[in-house]
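[1] the following comprises the amino acid sequence and a computationally predicted model.
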Amino acid sequence: MHQKISSTQTILYLDLENNKSKKVLAYAKSRRTKINIMDWKKEKLTTTMWKELLMKLKKEPKELMDKSKPYYRENIKGKDFKEEDWLNILTNSPFLLKGPILIEGENAILCDNASNVFKF
């Protein structure tokens, strides 16, 4: 079944145990009454969903990655991956994201800085 990220909901894709994510969530809640929270430790996005999300973000997978993480430096840095490989990395290793992703309608923003929430 082809899954889609809803275009009518506000969704925050994050790690609920991470301090940056908690701050982004608090900021988002101050601006919106209804936010669907997706904890990346519990809910995996499919490669199809990642492809759709990357289009909304207008970013390449590598741009979402926290290059300072040891896993990135040891397993990804300097390697040339095909699109499908990048989608699989995002699907299986969301802990590499620089920060939460806020999705609203056809727009999405990487909240590597918590105040990015206010750019919507």
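    Everything's here; your move.
[2] gap between Val24 and Leu53?
    Applying Cβ to Cβ, to the nearest Å, the value for Val24 to Leu53 is 16 Å. Using the backbone N, CA and C atoms, a C-beta is placed for each residue, glycine as well.
[3] looking at those two, which is more packed in?
    Val24 (24 against 19; other Cβ atoms under 10 Å).
[4] after the longest helix along the chain comes which helix or strand?
    Counting by DSSP state H, the longest helix found in the chain is helix 19-31. Going down the chain from helix 19-31, the next helix or strand is strand 36-39, by DSSP states H and E.
[5] in contact with the residue nearest the centre of the chain, which residues?
    By Cα atoms, centre = their mean, the chain has its centre lying nearest to Ile101, at 3.9 Å. Going by Cβ atoms under 8 Å, 6 or more residues apart in numbering, Ile101 touches 12-14, 53, 57, 64, 108-111.
[6] circling back: now do the longest helix of the chain, average pLDDT.
    Average pLDDT, helix 19-31: 93.
[7] quick one: buried ones out of the contacts of Ile101?
    Using 16 or more other Cβ atoms under 10 Å as the burial test, the contacts of Ile101 include 12-14, 53, 57, 64, 108-111 as buried.
[8] understood, closing this out.
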